[in-house]
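1. Below are the sequence and a predicted model for it; my questions follow.
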Amino acid sequence: MEENKDTYSQTDNKESPNEKIQFLIKRINKLSTELETVKKSIQKRRSENATLKVLFYTGLFVLLVGFLYSNSVLQRAHMRSLEGNILSLERRLSHDMNQIKMNLELDMQKQLKSVDSTDIFTILGHMDYAISQVRTKKEQTAMLINQVRLNTDEFSRLLKSQIPSPKYKKDDDKTGG
């Protein structure tokens, strides 16, 4: 530092005051220009930073909207897939139920045709007669027996209505006429 002072003091001695003023004016102008350049650079950086922030937040917003949209689309596709699977299962279940129903009807017809050469209505009649012969002192057992008899009668009526047969119609005509 002392060297600078010495150099400055030496230039002071050799230069005139006008030259010193000119030198200082040039120096101030140069510093002013540099300050203006720095100021513009800082303003440019601020503008660039603001632009980068806007771009960054816009990008985040676009990503968020894209994520929400794709999530919504995926959920809808998943729901359509589930609905398709449910419909397929319903069709398969319906088909299986129809097959079971047909098999039961075939089995029922086979059983109705002959059970050791006796039709189902004769068996139901024998069962009803056997049940009616049971005498019990307990009210609960009597109620159960009556319920079985009612269910047997209802079952017989359903069978007669489901399977039209000339034999049973003749029996109904004899009892009705």
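-> Yep, that arrived. The structure presented is a predicted model; accordingly, all values stated were derived computationally and were not measured.
2. Please tell me how far the most centrally placed residue in the chain sits from V73.
-> Nearest residue to the geometric centre of the chain (Cα atoms, centre = their mean): M79, 5.6 Å. Taking Cβ to Cβ, to the nearest Å as the measure, M79 and V73 are separated by 11 Å. To be clear about C-beta, it is placed using only N, CA and C from the backbone, and glycine gets the same treatment.
3. hang on, the earlier thing: for the residue nearest to the centre of the chain, what is the enclosing helix or strand?
-> Element membership of M79 [criterion: DSSP states H and E] is helix 17-113.
4. what element comes up after that helix heading to the C-terminus?
-> helix 120-132.
5. residues of that next one that come out buried?
-> For helix 120-132, the neighbour count (16 or more other Cβ atoms under 10 Å) marks I120, F121 as buried.
6. So what are the structural domains in the chain, by residue number?
-> Domain segmentation of the chain under automatic domain parsing yields 1-113, 116-177.
7. mean confidence for the longest one?
-> Looking back up the chat, that one is domain 1-113. In this model, domain 1-113 carries a mean pLDDT of 86.
8. swap in stretch 134-144?
-> Stretch 134-144 shows an average pLDDT of 82 in the prediction.
9. Quote the end-to-end distance of it.
-> 12 Å (Cα to Cα, to the nearest Å).
10. show me the contacts for S132.
-> Contacts for S132 (Cβ atoms under 8 Å, 6 or more residues apart in numbering) come out as R149.
11. What separation do you get for it and L158?
-> Noted for S132: a distance of 21 Å to L158, by Cβ to Cβ.
12. before we move on, what about L74?
-> L74 is 51 Å from L158, by Cβ to Cβ.
13. same check, this time on T152
-> Counting by Cβ to Cβ - T152 and L158 are separated by 11 Å.
14. Which one of the two is surrounded by more residues?
-> T152 (15 against 10; other Cβ atoms under 10 Å).
15. show me the residues around the more buried one that make contact.
-> Going by Cβ under 8 Å, 6+ apart, T152 touches L124, M127, D128, I131.
16. Find the helix or strand that it is a member of.
-> Here T152 sits within helix 139-162, counting by DSSP H and E.
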